[in-house]
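Chemist: Structure for this input, please:
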Amino acid sequence: MADQTATPLTDEEREELEALRAEKARRAEEERARVEREELEALRAEQGRVDAEILAERAAEERAAKRASTAKGAAPRPGTQAASAPGPKEKTFGERMVTSSAVDDDGIPTMPVAQKIIIAVALVAVAVFIIYTVTR
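Modeler: Here you go, the predicted structure:
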């Protein structure tokens, strides 16, 4: 047996080995493609379920909004989207930080005061850092 491992392969054996390696690679590629197809189908099915859930939630919210609008004077139920969402005049903290109610002459909203303050503080910090670096 040691004789067989020590002797080099003949041309026929080498061709057979290459053919077997190619067949093995082809089968591995087919298996990889099959697994990827199965994964893709599973992901598509999952995405379809998520999309259906989202559409159902939106439809339920629309029905609830219609019921709330038809029942004028009825208080909205706690936990509904209408009760937790701020009204059109109420802005969240984040909205106040990035939007402004004032508009320029060309129709573009102006920069909020909070953003101007943040920019000023950043410029002061950069100036202090430059002065510290130069004088050191």
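Chemist: remind me, longest helix of the protein?
Modeler: In the chain, taking DSSP state H as the definition, the longest helix is helix 11-70.
Chemist: centre of the chain versus it, how much separation?
Modeler: Mean-position distance between helix 11-70 and its chain equals 18 Å (C-alpha atoms, centre = their mean, to the nearest Å).
Chemist: list the helices and strands it packs on?
Modeler: helix 81-84 (3 or more C-beta pairs under 8 Å, 6 or more residues apart in numbering; DSSP states H and E). The way it works is simple: take the backbone N, C-alpha and C, and place the C-beta from them, glycine included.
Chemist: Please tell me how far the residue nearest to the spatial centre of the chain sits from Glu38.
Modeler: Using C-alpha atoms, centre = their mean, the residue of the chain that lies closest to the mean C-alpha position is Gln47, 14.1 Å off. Counting by C-beta to C-beta, to the nearest Å, the separation of Gln47 from Glu38 is 15 Å.
Chemist: pLDDT-wise, which helix or strand of this protein ranks last?
Modeler: The weakest-scoring helix or strand in the chain, judged by mean pLDDT, DSSP states H and E, is helix 81-84 (a mean of 51).
Chemist: Tell me which helix or strand comes right after that helix.
Modeler: Using DSSP states H and E, the next helix or strand after helix 81-84 towards the C-terminus is helix 93-98.
Chemist: Show me the contact partners of that next one.
Modeler: With C-beta atoms under 8 Å, 6 or more residues apart in numbering as the test, helix 93-98 has contacts from Pro112, Ala114, Gln115.
Chemist: Check the burial of the last one by counting its neighbours.
Modeler: By the measure other C-beta atoms under 10 Å, the count of residues near Gln115 is 14.
Chemist: Contacts for the helix or strand hosting it, please.
Modeler: For Gln115, the host element (DSSP H and E) is helix 113-135. Outside helix 113-135, the residues that touch it by C-beta under 8 Å, 6+ apart are Arg96, Met97, Val98.
Chemist: Understood, closing this out.
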